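Novice: Fold the stuff below for me.
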Amino acid sequence: MNMLVFIASCFVEFIVLAFALIIFRSGLKEKLNRSCFFFLIWIAIAILFNYLSNTTSLGHDVLLIINRLLFLVSLMEIYSIAGFVTAVAQQHFSRILLNLSILMTILVSILSVTPLVVNNIVIDSSGSAYVGIEFGPMIVIYFFTVFSVAIYAIVSLILGVRRTHNKRVRSSSKTLLLTLGVAIIMILTTNVILPVVFNNLNFSTLGPLLATLAVGGVGYSVARHGLFDIRLAVVRSVTYSLVLVTLAGLYLVAALAFSALFNSNLTNPGQMVSGVVISLLLAFVFQPIKRFFDKVTNRIFYKDNYNSDDFFARLNKTLGFTTNLRGLLERTAYEIGHTLKSEQTFFFVNTANGHYVSAGTENHKQLPKDDADQLVGINNKSHGVIVASLREANDPIRRLMLSHRIELILPLIQADETIGYLCLGEHLTSGYTNRDMRVLSTISDELTIAIQNALAVQEIRELNATLQQRISNATKELRTSNTMLRRLDKAKDEFVSMASHQLRTPLTSVKGYISMVIEGDAGKITDSQKGLLDEAFNSSERMVHLINDFLNVSRIQTGKFIIEKTPVDLSKVIEQEIDSLQPNAIARNLKFTYHPPKDFPMIDVDESKIRQVIMNFADNALYYSHENTTINISLSIENNEVLYTVKDNGIGVPSDEQAQLFSKFYRASNARKQRPDGTGVGLYLAKKVIDAHGGEVVFASTEGKGSTFGFRLPINN
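Specialist: Predicted coordinates:
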């Protein structure tokens, strides 16, 4: 019997210490890990002292010390169990009650190693078994403390089942309530009630079995509900253990079969060959067997597992699928939520001008802007992820997350600025693991970059839409203004046409009467009178030409400007116009030089309009030339074209104004000073006439040195 107890104790001790080592390697920063580690350590110590307390061969004095220490260890074991289940159930009582319980436990722990709790032990005369324990006067206080701590632990688990909304916490609390609850009751019965009340030590050796029940409950919670992020290590350990057991069995069966076949012991050559063959066979079947048990254990313990590389590949494809912000968030949220088995997954992304976008899986919760602002600068405890279950019970962030049924929040940060959050609800089956946290931390930068790109594209689209609207409004205004200008221009043209017609009639009469007076029809006139009348006649002539110019401009605007071509001798037309300008040239001390070409061909032109152009170029030369200079006029044929030029030595045209010279109503700055009464329609009209004839205006000028004006007309026209 003692050997069975020893073997059982060693086996349970090994499992408990291995479990504690796994917890230790996973990290003790989190409260749940720490409480579980110390819980396992105290169980291991309790198993050791429980076995030693029943080893009577150690002698009375040693056993007395061990039994006193066993009462201390049992109290600490119950207290560590209470701390562990409180962390699992996430139930926290008042600070005063907690301090009182700690103080009470310390005092009772000190008393338990004194004669006040265990006064003496009684061993039979043979020295092989206990007869009883003599308890001290403080055993009642010890008994009360142990029961209080045990009730505290069980109540915490019950509240964890009834109050919490977290599925993982509720499921883990149920499992631990069934396993640890039974273990606590059995430990109290075998190690406290029976020894203290009935002085019966016969069942104290059941400690390893009860410890197995407690540790088994924790192990099942780890594997089934993801209580810790050690499932992978545990499951792989189970897998390799099963593989080794299977291989050992196969080797044993194969070795026996070969031994029976060769009918010899292990030293003959046949058995040596069989050993080599068996080793090769086992090496060959190792991987298939391992894969088989991997599948089996994954289906039982790790059915929520996923391949992170496949997940990253799918996520990258999703992030590169669209630049539409809402579509990107919805597809990404679905991929993450589906892979991590989240009840809900959604993004909260800040946009320009204080706005935000919230998008994710169907029926996800909405995170208000004010609540999102409270998350800025929160210290993240697990791989940069805010975990609700890891925060203190009175933490406002924890309450905020639970109110929206959010378990995880991943801040999306770029250049120390939070652009948004990825929010995940409760796990659908068990709970999130550290592996899940690492995966979320890994994809954080990719999510941030993709969302930033989508935000930039959205801003550009909104800017384009705004610009399009502004352009549309501006175009509408321009069209309205243009319509009004056209109406005004039309009204102006109509006014100019009407005024020109109305003015031309009386001017023609004035010009006719002056001509009659000059010719002596009204009587003889003196030379001085004739000079004055000639000046009046010339002014009337210029006025008629000016009115004709306005009429032609009006006709061009209204589309009534018609070219009526007839055969014309340009050399004679030019000669006539120069003769008419000679009096003005003499009055200004200027001289015209013109050598009419011989046998000049007749060309088809609108004589009146071409005459007006010839007159305009020559008249401008008169007004803008310096005194005592010569104006050279030429007419020739070059390359089957008629070339007419008027070259003066006058004020010229500034180079920066030459491009606009033939625009309607435009006059160069120096021309306005030289002749303030000009209209700016002569050159405009001349270009229109030449263009209408299929010709080309000739122009060259240097400011201060003179200008050349003229035109080219095709002869075959």
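
Novice: Assess the claim that Leu622 and Leu590 are in contact.
Specialist: Yes - contact status for Leu622 versus Leu590: in contact at 6.2 Å, counting by Cβ atoms under 8 Å. Just so you know, the C-beta spots here come from the backbone N, C-alpha and C atoms, and that holds for glycine as well.

Novice: Give me the sheet partners of the helix or strand hosting Pro411 and which way each runs.
Specialist: Here Pro411 sits within strand 408-414, counting by DSSP states H and E. Strand 408-414 has these partner strands in its sheet, going by DSSP bridges: strand 386-387 (antiparallel), strand 417-424 (antiparallel).

Novice: Minimum distance to Arg479: which of the ones you listed has it?
Specialist: Evaluated over these, closeness to Arg479 peaks at strand 417-424, with 42.4 Å, by Cβ to Cβ.

Novice: And the next helix or strand past that closest one?
Specialist: Taking DSSP H and E as the definition, the helix or strand that follows strand 417-424 towards the C-terminus is helix 434-518.

Novice: Determine how far the last residue of stretch 409-428 lies from the first.
Specialist: By Cα to Cα, to the nearest Å, the extent of stretch 409-428 from end to end equals 16 Å.

Novice: In the stretch 151-300 of the chain, where is pLDDT below threshold?
Specialist: Along the stretch 151-300 of the chain, the model assigns pLDDT under 70 to residues 160-161, 163-170, 172, 180, 187-188, 190-214, 217, 219-252, 254-287, 289-300.

Novice: The stretch 551-700 of the chain too?
Specialist: When the per-residue scores of the stretch 551-700 of the chain are filtered using pLDDT under 70, the ranges that remain are 551-561, 677-678.

Novice: Give me the contact list for the strand holding Pro411.
Specialist: The contact list for strand 408-414 (Cβ atoms under 8 Å, 6 or more residues apart in numbering) reads 342, 349, 375, 378, 380, 384-388, 401, 418-424, 432, 436-437, 440-441, 444, 447-449, 451-452.

Novice: between that strand and helix 434-518, how many degrees?
Specialist: Using axes from the mean of the first three to the mean of the last three Cα atoms, to 10 degrees, the direction of strand 408-414 lies 40 degrees away from that of helix 434-518.

Novice: Flag every buried residue along strand 408-414.
Specialist: When burial is assessed from 16 or more other Cβ atoms under 10 Å, strand 408-414 yields the following buried residues: Leu408, Ile409, Leu410, Pro411, Leu412.

Novice: From those residues, pick the one nearest Thr322.
Specialist: Leu412 (17.8 Å).

Novice: Give me the pLDDT for that closest one.
Specialist: What the model reports for Leu412 is a pLDDT of 90.

Novice: For the residue nearest to the spatial centre of the chain, which non-adjacent residue is closest in space?
Specialist: Nearest to the mean C-alpha position of the chain, counting by Cα atoms, centre = their mean, stands Ile451 at 1.6 Å. With Cβ to Cβ, 6 or more residues apart in numbering as the criterion, Ile451 has its nearest non-adjacent residue at 5.8 Å, and that residue is Val349.

Novice: is it fair to say that neighbour lies in a strand?
Specialist: Yes - the assignment for Val349 (DSSP: H, G, I helix; E, B strand; the rest coil) places it in a strand.

Novice: Number of residues surrounding it?
Specialist: A total of 24 residues lie near Val349 under the criterion other Cβ atoms under 10 Å.

Novice: That one contacts Leu325, doesn't it?
Specialist: Yes - in this structure, Val349 sits in contact with Leu325. The criterion is Cβ under 8 Å, and the distance is 7.2 Å.

Novice: Quickly list what's touching both of these two.
Specialist: Between them, Val349 and Leu325 share the neighbouring residues Val357, Ile451, Leu455, with contact defined by Cβ under 8 Å, 6+ apart.

Novice: Contact partners for the second one?
Specialist: If I follow you right, that is Ile451. Leu325, Leu328, Leu329, Phe347, Val349, Leu412, Ile419, Gly420.

Novice: Ile378 looks like it's in a helix, true?
Specialist: No - residue state for Ile378 (three-state DSSP) corresponds to coil; a helix is not indicated.

Novice: what's the spacing between it and Leu455?
Specialist: Taking Cβ to Cβ, to the nearest Å as the measure, Ile378 and Leu455 are separated by 23 Å.

Novice: Which of those two has more residues huddled nearby?
Specialist: Neighbour count, other Cβ under 10 Å: between Ile378 and Leu455, Leu455 has more, with 20 against 14.

Novice: Tyr334: helix or strand, and which one exactly?
Specialist: Counting by DSSP H and E, the element that carries Tyr334 is helix 325-340.

Novice: what packs against that helix?
Specialist: Contact partners of helix 325-340 among helices and strands, from 3 or more Cβ pairs under 8 Å, 6 or more residues apart in numbering; DSSP states H and E: helix 308-319, strand 345-350, strand 356-360, strand 417-424, helix 434-518.

Novice: Go ahead and name everything in contact with that helix.
Specialist: If you take Cβ under 8 Å, 6+ apart as the criterion, helix 325-340 is touched by 306, 311, 314-315, 318-319, 321-322, 342, 344-347, 349, 357, 359-361, 364, 422, 424, 427, 432, 436, 439-440, 443, 447, 450-451, 454-455, 457-458.

Novice: Can you select the buried ones among those for me in PyMOL?
Specialist: Of these, the buried ones can be selected in PyMOL as follows, counting by 16+ other Cβ under 10 Å:
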select buried, resi 311+315+318+319+322+342+344+345+346+347+349+357+359+360+361+364+422+424+427+432+436+439+440+443+447+450+451+454+455+458
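
Novice: Domain boundaries for the chain, per the record?
Specialist: With domains defined by automatic domain parsing, the chain comprises 2-229, 236-301, 563-714.

Novice: Using CSV, lay out the shared contacts of Val349 and Leu325 together with distance to Lys609.
Specialist: Rendered in CSV, the data for the shared contacts of Val349 and Leu325 read as follows (distance: Cβ to Cβ, whole Å):
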residue, distance to Lys609
Val357, 69
Ile451, 71
Leu455, 66
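
Novice: Quick one: which of those has the lowest pLDDT value?
Specialist: Across the shared contacts of Val349 and Leu325, no position has a lower pLDDT than Leu455, which has 84.

Novice: so how far is Leu325 from that residue?
Specialist: Spatial separation of Leu455 from Leu325 under the definition Cβ to Cβ is 6 Å.

Novice: anything in contact with each of those two?
Specialist: With Cβ under 8 Å, 6+ apart as the test, Leu455 and Leu325 both reach Val349.

Novice: For Phe14, which of the helices and strands packed on helix 325-340 is the nearest?
Specialist: Evaluated over these, closeness to Phe14 peaks at helix 434-518, with 25.6 Å, by Cβ to Cβ.

Novice: still on that earlier bit, any chance of the strands paired with strand 408-414 in a markdown table, plus distance to Arg486 and mean pLDDT?
Specialist: Written out in a markdown table, the entries for the strands paired with strand 408-414 read as follows (distance: least, Cβ to Cβ, whole Å; pLDDT from 0 to 100):
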| stretch | distance to Arg486 | mean pLDDT |
| --- | --- | --- |
| strand 386-387 | 66 | 89 |
| strand 417-424 | 52 | 90 |
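
Novice: Using CSV, lay out those strands together with distance to Val182.
Specialist: Listed next are the strands paired with strand 408-414 as CSV, based on distance: least, Cβ to Cβ, whole Å:
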stretch, distance to Val182
strand 386-387, 31
strand 417-424, 35
